[in-house]
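Enquirer: I'll drop the sequence and a predicted model, then ask my questions.
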Amino acid sequence: MSSTSNDLSQSSNPPRSRAPLEGILVLDISQFLSGPSAALRLGDLGARVIKIERPVSGDICRTLYLTDTDVGGDSTLFHAINRNKESLALDLKMPEDLAALRQLIATADVLIQNFRPGVIDRLGLGYESVRALNPRLVYAGISGYGEAGPWSDMPGQDLLAQSLSGVTWLNGHDNDGPVPLGLSIADMLAGHVLTEGILAALVRRGITGEGAVVQTSLMEALIDLQFELLTTHLNDGHRLPARAEFRNANAYLAAPYGLYPTADGYLALAMMPLAQLADTLPLPLLHQYDAKAAFSQRDEIKRLIAKMLIQHTTAYWVARLRPADVWCAEVLDWPRLLESESFRRLDMLQTVVREDSIAVHTTRSPLRIDGGRAISHRAAPRVGQHSAAIRAEFGLPVSSPLPSGSRS
């Protein structure tokens, strides 16, 4: 992207007064990460999101700790995925609470669920049942591996999905064995894919007046993530990808692609002709390798480059290589990223606050519309924090009293 277009994309023009999804009601009856992350995206676009949780304990993600840190009694993971939502506590095993949810469904625009296949039907909330209540509803679901097949009953968990998808054989070095990505990549991607489908279904509903079923899975999201490399595999005789033994960064890309240590840190080198790098480092030995050798002898070439780069600092190499149009970048950790001027200009951080003054520092939506980025002021809710207000607003039946000492 040119500097001109980048400046325009981050212009100071004020956003329109109405968010794109203002007036859309989303019921989030999902748990953990994938479904709630899709609801988060819709909330960032202006939708009202009501999170349906079991009384007392709530979403299991509230106690799914990444570290030993919690904020206001809930995990940081829960806060990250569930900001800007309202919480309605319902026990779906209780007839009156199930009736309350069905009443809400009749007025909602979107329902998001990520139960294992079959569970939602046993609750009487399968698509055909709710379609009778609300034919305009966009009914969205995420499973682990699809709704049928030998894997359908397996837990839809990120590491398991990564392991089954083949993606773990793309990371690490050739002698490392499978290496998972250090992120909940299946969950986050499935949430993004589902959001895309929901938005498309809402557009179609605006034309036809009819709702839709939108479905994806962790596995489908991971397959799509690999579409570039899988297409290569499918069209080159089904050869397996060959990871580099040294400084591997992509099993299908030739030298110099990778991360290299310098005298004081690391430098990333992207794809480029070796001759360009040979003249700039300078490293004349690289001229003896053609484009084919850049792949077949990539470990040998990468070791030559590494011996050169370790001799000077990262700043030295960036200052030398960038003017020669060598694609390179310093490798930053989080503290240095957060301190950088470029990151500050992106304005990607915010602080959200719960009504009991619990404050959470988190990220913001990555999307800008009309020059503005969505800002959330509300932190993730307590279990059932908005139950009384929602019941009164929608005229929902009152549930049975909770056991003594429980929170609602």
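Expert: In hand now; what should we look at?
Enquirer: how many other residues sit next to Asp153?
Expert: Counted with other C-beta atoms under 10 Å, residues neighbouring Asp153 total 11. C-beta coordinates here come from the backbone N, C-alpha and C atoms, glycine included.
Enquirer: same deal with Thr362?
Expert: Thr362 has 19 nearby residues by other C-beta under 10 Å.
Enquirer: same check on the one 3 residues further on?
Expert: Ser365 has 18 neighbours, counted by other C-beta under 10 Å.
Enquirer: for Tyr252, see how far away the residue lying closest to it once chain neighbours are set aside is.
Expert: In space, and not counting its chain neighbours, Ser365 is closest to Asp44: 3.9 Å by C-beta to C-beta, 6 or more residues apart in numbering. Distance of Asp44 to Tyr252, computed by C-beta to C-beta, to the nearest Å: 34 Å.
Enquirer: more neighbours: which of those two?
Expert: Counted by other C-beta under 10 Å, Asp44 and Tyr252 do not tie: Asp44 has more neighbours, with 23 against 15.
Enquirer: got the phi and psi for the more buried one?
Expert: With angles defined as degrees, to the nearest 10, Asp44 sits at phi -60, psi -30.
Enquirer: does it touch Lys85 like I think?
Expert: No - applying C-beta atoms under 8 Å, one finds Asp44 not in contact with Lys85, separated by 11.0 Å.
Enquirer: about what we covered before: residues touching the residue nearest to Ser365, list them.
Expert: Residues in contact with Asp44 (C-beta atoms under 8 Å, 6 or more residues apart in numbering) are Asn84, Arg364, Ser365, Leu367, Ala374, Ser376.
Enquirer: what about the residue lying closest to Asn134 once chain neighbours are set aside, neighbour count?
Expert: Excluding its sequence neighbours, the residue lying closest to Asn134 (C-beta to C-beta, 6+ apart) is Ala106, at 5.1 Å. For Ala106, the neighbour count with other C-beta under 10 Å is 13.
Enquirer: measure Ala106 to Ser152 for me?
Expert: For Ala106 relative to Ser152 (C-beta to C-beta), the value is 29 Å.
Enquirer: where is the longest helix in this structure?
Expert: Secondary structure assigned by DSSP state H gives helix 185-208 as the longest helix of the chain.
Enquirer: what residue ranges in the protein score low on pLDDT?
Expert: Applying pLDDT under 70 to the chain picks out residues 1-17, 399-408.
Enquirer: sorry, back to before: now do the longest helix of the chain: everything it contacts.
Expert: Residues contacting helix 185-208 (C-beta under 8 Å, 6+ apart): 21, 24, 32-38, 40-42, 109-110, 112, 136, 138, 140-142, 158, 161-162, 165, 167, 210-212, 214-222, 224-225.
Enquirer: in helices, which of those fall?
Expert: Counting by DSSP H, the contacts of helix 185-208 contribute 34-38, 40-42, 158, 161-162, 165, 218-222, 224-225 to helices.
Enquirer: show the buried residues in those.
Expert: Using 16 or more other C-beta atoms under 10 Å as the burial test, these include 34-38, 40-42, 158, 161-162, 165, 218-222, 225 as buried.
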